[in-house]
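Student: whatever this is, show me its structure:
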Amino acid sequence: MRALARQFNIDNNAINEAPKLSLPGKLVFPSMKTSGQYSMLGLGDIVMPGLLLCFVLRFDAHKKLQLKNSDAGIPGPVGSLEKVRYFHCALIGYFLGLLSATVSSEFFKAAQPALLYLVPFTLLPLLLMAYIKGDLRRMWTGFPDGLLSSATVSPVKLIDV
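Tutor: I've put the predicted structure just below:
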């Protein structure tokens, strides 16, 4: 390693030190009631629900493609529940989870873990809706291999958000 460092004219001390990255690991918001105090939202509180939203957006695209490519020439009656997409359900749940985490943080005047509120507010309505629509097993097990290649499904073209 030292020989490689000498070859590229890298200082020996630079090898032993870990690189310092100043990435945003959290978002800080001023508190509503008390000045000088801040509320914090960690990066994990954004990324983990974001992965869930990406998954349900892809699942909505898959369902829309299945409906479009169905063998029946005339689509069946569309109920009011069929118009609601999983993405919208999870997005509203995410908003309500953030709202409840903020309200509880202000009410108890103490920090609250946002994922404690985000997980139930996003997963429970999503799972309940999938159970009612009959898609829970398919959502849980996933898609067969090769079904969602980039050539077959494009969520940008299929989902009107």
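Student: number of residues surrounding the closest residue to Ser31 other than its chain neighbours?
Tutor: Using Cβ to Cβ, 6 or more residues apart in numbering and skipping residues adjacent in sequence, the residue nearest Ser31 is Gln37, 4.2 Å away. (C-beta placed from N, C-alpha, C; glycine too.) The local packing of Gln37 (other Cβ atoms under 10 Å) involves 10 other residues.
Student: what mean pLDDT does the longest helix seen in the chain get?
Tutor: Taking DSSP state H as the assignment, the helix of the chain that covers the most residues is helix 44-68. For helix 44-68, the mean pLDDT works out to 89.
Student: same question, stretch 95-109
Tutor: For stretch 95-109, the per-residue pLDDT averages 88.
Student: not counting it itself, show me its contacts.
Tutor: With Cβ atoms under 8 Å, 6 or more residues apart in numbering as the test, stretch 95-109 has contacts from 31-33, 39, 41, 49, 111-114, 116-122.
Student: how much space between the residue nearest to Ser31 and Gly134?
Tutor: Going from Gln37 to Gly134 by Cβ to Cβ, to the nearest Å gives 47 Å.
Student: just the helices in the protein please.
Tutor: 2-7, 12-16, 44-68, 80-83, 86-108, 115-133, 136-141, 155-158.
Student: the longest one packs against which elements?
Tutor: Helix 44-68 is packed against helix 86-108, helix 115-133, helix 155-158, with contacts defined by 3 or more Cβ pairs under 8 Å, 6 or more residues apart in numbering; DSSP states H and E.
Student: out of the ones you listed, flag the one nearest Ser70.
Tutor: With Cβ to Cβ, the closest approach to Ser70 among the helices and strands packed on helix 44-68 belongs to helix 155-158: 14.2 Å.
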